[in-house]
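[1] sequence first, predicted model second:
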Amino acid sequence: MFGRVIVFLCCTGVGWELAGRSGRRRQELAASAQLVRRLTGELGYSMKPADELIGMLCKENGFDKLWYLRAFCELEELPFPERWRRSVMSRTGNLDEDERQLLLRVGEVLGCYDLDTQLQQLLPIAEQLQQRAQELGEQVAKDRRLYTSLGPLAGLAACILL
């Protein structure tokens, strides 16, 4: 009997974990879009070097949870473009390959062009990240309902079979 309860609870836990994954991905996308927008604002206002801007923003509340910013701050000895590339590619997080490519594009743009060109190229990246976050918003609700129901049902089915 105790084993069946453990199986049921494990399946329920897996369902809840899967339900939370798409929500975390949406939060990462929204925070990344906000980061890029903030970068464009700071860049236009202060004209600080790219690594200094990123270092400043990674300490702010809301951005401190982005895994690639934490990784960026840990790689202090490398030049900015390599630091950014390594930090974005260091861990998959919840973002897919296309979303990581958008983030890599940020590192290719920052500090490599004049101010107007940087702003023109960064704003569409922020819009794409925000659009993906909005699209995921609808999917998050569906996933949450599906996985929070499916996990316990799978656990119940496994208990019956055992």
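    Arrived safely, thanks for sending. Numbers count the residues shown, from 1 in each chain.
[2] skipping its backbone neighbours, what lies nearest the residue positioned nearest the centre of the chain in space?
    What sits nearest the mean C-alpha location of the chain, by Cα atoms, centre = their mean, is residue 28, with 3.0 Å. Spatial nearest neighbour of residue 28, excluding adjacent residues (Cβ to Cβ, 6 or more residues apart in numbering): residue 94 at 5.4 Å. Every C-beta, even on glycine, is put in place using the N, C-alpha and C of the backbone.
[3] can you pull the contacts of the one you found?
    Residue 94 makes contact with 21, 24-25, 28, according to Cβ atoms under 8 Å, 6 or more residues apart in numbering.
[4] next, it: phi, psi?
    The phi and psi values for residue 94, taken as degrees, to the nearest 10, are phi -110, psi 0.
[5] coming back round to it: show the contacting residues for the residue nearest to the centre of the chain.
    Contacts of residue 28 (Cβ under 8 Å, 6+ apart): 66, 93-95.
[6] what would the residues you listed look like in CSV with secondary structure?
    Shown next, in CSV, are the contacts of residue 28 (DSSP: H, G, I helix; E, B strand; the rest coil):
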residue, secondary structure
66, coil
93, coil
94, coil
95, coil
